[in-house]
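Visitor: The sequence isn't on hand, but the structure is:
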């Protein structure tokens, strides 16, 4: 039985110890996680630029370096399950005796190496395939008797249809997908072909974060990370079940990323998985948290909205709504406020650097959807 | 000091032990290497087809499976220096502190994984890059300060010229190349840009076979293989210095390939390298040994020519020459013969399945160029 089946108490005790060690490693000795500032992708980019290649976050030598995307770099190690894909692959039923057709790319991006590393940790063999060369891939899958697929949700269908066209029968019955939306209709189409398809939520910087053990029952957070769901632009947790930005702390000692803001929205799914894995679950990807909008030529960022809320004691929650009035951008700031709501327009102008209309709404009336800046302008 | 600097006696003793163990593993217990039949690519393909994926040659589980080219499959392991590229990379001066831009592909072909595996063995970090995405690659090389290149001989120039175009200065000073001809002019062009470029001779099935430690002084056979140079179509060694087919025996216990015929021509380069590495050297690639020719609609293979020589005691050496006479193929068989050379045309017809003219020539007069079937027909 893996760590994923332990009790919540055991997990809490164990993670607390790992986290304390990780905080020490990262220079936050004795701090609590909430004291650590949120690390945004843009911060990471700036740190990497100032102190290449990894912004001082990696102390020792690394096996691998990736560039994904553009100017961001990620380290990689070949050691056992370094990116934490093993639990996901096990949940997919992949292990010794399987041959995984790994259709994630290996070039510049870490995705291919990540899944290869995870497959090795569960004892499966890997055919490094990337995308493209579809006919060769299908022939290899048929000759080798590949039993599992790893790749984006869509590409497996390309392989299966090419196999039909070539009159070849493939033995792939398990699919571990990531890196794109898995539509329910596609999952059903795979199921109809005898392929059980599960997805995980992973990023190039962090590796695997959470994974499915069954369709449509949330993604179980991996044992090697701590996930928080926060109001975008802040480090403050949303109430359980509300939508917020996914912020991840890794416990991997080689590459401590503390409170890394993914820019993705999700929410905690209450309760536990029926499969017996006991960790917190999150819903799937629910949009981008990075809602920075250009309004009247100026950028307004979620962090500014959070700052506005923090400066005004009467304001509990705020939501910037951007529209067009005639040929001009217009900004309204909806606020759930209690007590004295005076002076808010001046505060908006000061903190958001733009004039906007403030509308006070009833507490609890703003949607709990993780949206802090709602852009209603039509772009088409 | 690595094994490559040991005395010839030490090497002979050590290899004899390793070889005996390898022969036992492969089912040739107590045999000498010369007793083992030559394994051709076509034999390997047939074995793989009959007993997928590896024709029964791999006993245990593998980490990786490759398809390169077409219907041939190769195993791979992530363990230390599994494909024997470390000695080559060390000869290139690559080690801890280097970042190797690995421009060999990882998808289906093993080349990318091979060089990554070797780089890890010498303590260098790797940027898995593949080919293509040239601008991203150049920016990564500049940002990361990549110090070494691994890839085909030509692609490094593509990177360097793209860097010029982008006004970026790259720190690559070492290049480990393979998989294509390295022309002297290109090597000089790299040297003029401050890049020391060395090549190795490797195949998808065997991994690394031999490598340069300096330009233009031959390729030193790796310590993990035994190289024979034989008359194409036979298992018989040519006299030292003569051109023949490269036949390789690997000592890797995970994948014993005994007397694998590469289909490539080379020759032993007498003497030892000035660098202090003491093993046998071979000249570079000198052409294809697979000289199978279609004559009057029938295939004639080097093995048949060897069979013809073996059946006729008077014949020391033979060379089939194919020409056009009018609108017809014509076959002559030149033989170095001693004693009774009668009945040779009947033997040609029987063994080569074609009528041909036999011409007896003086012993020693046929060129020692590894060519057994010389096709003089013009195809353009």
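Guide: Noted; the coordinates are in hand. Quick caveat: nothing in here was measured; it's all calculated off a predicted structure. Residues are numbered from 1 along each chain as shown, chains lettered A, B, ... in the order given.
Visitor: is it true that residue A:281 touches residue A:267?
Guide: No: with contact defined as Cβ atoms under 8 Å, residue A:281 does not reach residue A:267; the gap is 9.9 Å. All C-beta atoms are positioned from the backbone trio N, CA, C, and that covers glycine.
Visitor: Where does residue A:156 sit, in terms of helix or strand?
Guide: helix A:155-166 (DSSP states H and E).
Visitor: make that residue A:81, sorry
Guide: Per DSSP H and E: residue A:81 is located in neither a helix nor a strand.
Visitor: For it, give its distance to chain B.
Guide: Counting by Cβ to the nearest Cβ, to the nearest Å, the gap from residue A:81 to chain B is 13 Å.
Visitor: likewise residue A:116?
Guide: For residue A:116, the distance to chain B - Cβ to the nearest Cβ - is 8 Å.
Visitor: Then residue A:355?
Guide: Relative to chain B, and taking Cβ to the nearest Cβ, residue A:355 is found at 40 Å.
Visitor: Repeat that for residue A:350.
Guide: According to Cβ to the nearest Cβ, residue A:350 and chain B sit 38 Å apart.
Visitor: The helix or strand harbouring that residue: what's the following helix or strand?
Guide: Per DSSP H and E: residue A:350 is located in helix A:344-351. Scanning forward in sequence from helix A:344-351 by DSSP H and E, the next helix or strand is strand A:357-361.
Visitor: Might you enumerate the residues of chain A proximal to chain B?
Guide: A:52-53, A:61-67, A:70-71, A:73, A:78, A:96, A:99, A:105-108, A:112-113, A:116, A:120, A:123, A:125-130, A:132-133, A:136-137, A:139-140, A:143-145 (Cβ under 8 Å from any Cβ of the partner chain).
Visitor: Give me the buried entries from the residues you listed.
Guide: Neighbour counting by 16 or more other Cβ atoms under 10 Å in any protein chain shown classes A:53, A:62-67, A:73, A:78, A:99, A:105-108, A:112-113, A:116, A:120, A:123, A:125-130, A:136-137, A:139-140, A:143-144 among the residues of chain A next to chain B as buried.
Visitor: can you tell me which of those residues are in strands?
Guide: Among those, DSSP state E puts A:64-67, A:73, A:99, A:125-128 in strands.
Visitor: Centre of the chain to the helix ranked longest in chain A, how far?
Guide: When chain A is parsed with DSSP state H, its longest helix is helix A:8-25. Averaging C-alpha positions (Cα atoms, centre = their mean, to the nearest Å) puts helix A:8-25 21 Å from its chain's average.
Visitor: now for it, which elements pack on it?
Guide: If contacts are counted by 3 or more Cβ pairs under 8 Å, 6 or more residues apart in numbering or on different chains; DSSP states H and E, helix A:8-25 sits against strand A:244-250.
Visitor: Let me know the angle separating whichever helix or strand comes after the strand it packs on from strand A:244-250.
Guide: Where DSSP H and E defines the elements, the next helix or strand beyond strand A:244-250 is strand A:260-266. Angle, strand A:260-266 to strand A:244-250, by axes from the mean of the first three to the mean of the last three Cα atoms, to 10 degrees: 140 degrees.
Visitor: Give me the residues contacting strand A:260-266.
Guide: A:38-41, A:44, A:201, A:203, A:205-206, A:209, A:229, A:232, A:243-250, A:282-290, A:370 (Cβ atoms under 8 Å, 6 or more residues apart in numbering or on different chains).
Visitor: same thing but 7 Å
Guide: A:38-41, A:203, A:205-206, A:229, A:243-248, A:282-290, A:370 (Cβ atoms under 7 Å, 6 or more residues apart in numbering or on different chains).
Visitor: So which of those residues belong to helices?
Guide: Per DSSP H, the contacts of strand A:260-266 map to helices at residue A:41.
Visitor: Since that was my last question, I'll sign off now.
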